[in-house]
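Q: after the sequence you'll find the predicted model.
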Amino acid sequence: MHYIRYERGFSSHTVVAYQKDLFLFKDFIELRVEGEFDPLCVDSDLIRSFLMSQAMNKAAISTVNRKLSSIKSFYKYLRSRGVVEINPTLLVKGLKLPERLPKFVREEDLDSLLDVVDFEDDFDGLRDELMLNMFYVTGMRLSELISLKDVDIDSDRSIIKVLGKRNKERMLPYGDELSFLINRYREERDVRVGLTDFFFVKLDAMPLNRSMVYSKVKTYLSKVTTLAQKSPHVLRHSFATAMLNNGAEINSIKEMMGHSSLASTEVYTHVAFEELKKVYQSAHPRAAKQKGGSHESKSKCNSF
C-alpha cells in the first residue's frame, strides 16, 4: 500500500480499494487452502476461482476486473522485489465488458442550466454556478476540482493547472465567461471567507468534499435532464462530446482530458456518430420511409 501510494502515485481512493480487494483475496485463498496465505502457493487457477466467486456473488464486471488489477499490481510488486519468481496473474484475463457509450447532457440542455436557471444569490450559489461551469468548460475530474489550489488558477493567462491520475499535471485553458465567474467568486470568497489555500471552499474555509459536490451536481442536472446518472463525470463526458461535435481534434481532447491512451478518448466518436444517426432519422424525409412492406418483414426475407 505504501508503494502504490507514494512510489506509484495512486490516489488515496484507489489505495483503499486495492487494500480491500487484497484482503478479500487473502481470505478466499486461506479458506481454499485451509492455511495461512502464502503468495508463493497461489496459481492462476486459484485466482480465476476467486474472480469467479466474485462474479457469482453478483459483483459488477468492472468490479471483478478491478480486483484482478489489484492482484496483478500486488504480484508485479512481489516480482520486482524478488519475493516470487513466477507471476501467476500473467495467465489470467479480465472479464469482457459490454460496450457502453458514455452518458452526456445535450448542449442545449446545459445552456439552459448555465444561462437560464437561477442560482441562489449568495456565496453558495455563486460557488455552485462556477463549479458546474468549470466541470463543463474544462472537462476536469471531480477529484481534480476539489483538490484545486488557489495558485493553480492563472487568471492572467486563463489557464488552470490540475493534478490528474498518477500525479500527472496538465494545463487546461478557459475562456472569458469562465474568467468572469472565477474573478467574481474570488472577490466574494476573499471578503466572506478570507484568503484560503484551496480554491473551492465552504463558508467555514474548509474545502469541499466529494459527496457534497456530487449531491449539488445531481440536484442541478435534475433541472434539465432525465438521465438516470447525474454526476460530475457526466459533465466530463458532456465536455468531450461537445468538443468533438464542434470540430475539436481528438488528440487535443485526449490531452485536455488527461487520458493516457487514445482509445479512452475514441469512445466519444461513437457517441457523436450515434447522435448523428438520431438526427438523420428524425430529420431526413426519407430516413424512416419503408418500401415494399415493413422493416420486420424485409429482415425476415433477408434471413433465408
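A: That came in fine, so what should we check first?
Q: would you map the helices across this structure?
A: Assigned by DSSP state H, the chain shows helices spanning 2, 12-33, 44-56, 61-80, 107-115, 123-138, 142-146, 176-192, 210-221, 232-245, 250-257, 262-283, 295-302.
Q: adding distance to residue 162, write these out as CSV.
A: For glycine as for every other residue, the C-beta is placed from the backbone atoms N, C-alpha and C. Putting the helices of the chain into CSV (distance: least, C-beta to C-beta, whole Å) gives the following:
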stretch, distance to residue 162
helix 2, 25
helix 12-33, 16
helix 44-56, 33
helix 61-80, 24
helix 107-115, 21
helix 123-138, 8
helix 142-146, 4
helix 176-192, 14
helix 210-221, 15
helix 232-245, 12
helix 250-257, 10
helix 262-283, 17
helix 295-302, 48
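Q: and of those helices, who's closest to residue 166?
A: helix 12-33 (9.9 Å; C-beta to C-beta).
Q: tell me what the closest one is packed against?
A: With contacts taken as 3 or more C-beta pairs under 8 Å, 6 or more residues apart in numbering; DSSP states H and E, helix 12-33 sits against helix 44-56, helix 61-80.
Q: can you put the ones you listed in TSV and add distance to residue 152?
A: Shown next, in TSV, are the helices and strands packed on helix 12-33 (distance: least, C-beta to C-beta, whole Å):
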stretch	distance to residue 152
helix 44-56	39
helix 61-80	29
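Q: possible to save the ones you listed as CSV with mean pLDDT and distance to residue 146?
A: Output for these, formatted as CSV (pLDDT from 0 to 100; distance: least, C-beta to C-beta, whole Å):
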stretch, mean pLDDT, distance to residue 146
helix 44-56, 92, 30
helix 61-80, 94, 22
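Q: out of the ones you listed, flag the one nearest residue 218.
A: helix 61-80 (20.8 Å).
Q: show me what contacts the closest residue to residue 135 other than its chain neighbours?
A: Leaving out its chain neighbours, the residue that sits closest to residue 135 by C-beta to C-beta, 6 or more residues apart in numbering is residue 235, at 3.9 Å. Each residue near residue 235 by C-beta atoms under 8 Å, 6 or more residues apart in numbering is listed here: 105, 132, 135, 136, 217, 221.
Q: ok, now how distant is residue 235 from residue 221?
A: Distance of residue 235 to residue 221, given as C-beta to C-beta, to the nearest Å: 8 Å.
Q: find residues that contact each of these two.
A: residue 105.
Q: correct me, but residue 89 touches residue 77?
A: No - with contacts counted by C-beta atoms under 8 Å, residue 89 stays clear of residue 77, the gap being 11.3 Å.
Q: so these two - more neighbours on which side?
A: residue 89 (19 against 15; other C-beta atoms under 10 Å).
Q: confidence score at the residue most central in space within the chain?
A: Taking C-alpha atoms, centre = their mean as the criterion, residue 233 is the residue nearest the geometric centre of the chain, at 5.0 Å. Model confidence at residue 233, given as pLDDT, is 93.
Q: what sits against it?
A: Neighbours of residue 233 in contact, by C-beta under 8 Å, 6+ apart: 141, 142.
Q: state the distance from it to residue 220.
A: Where residue 220 is concerned, residue 233 sits at a distance of 15 Å (C-beta to C-beta).
Q: ok, now residue 53?
A: 41 Å.
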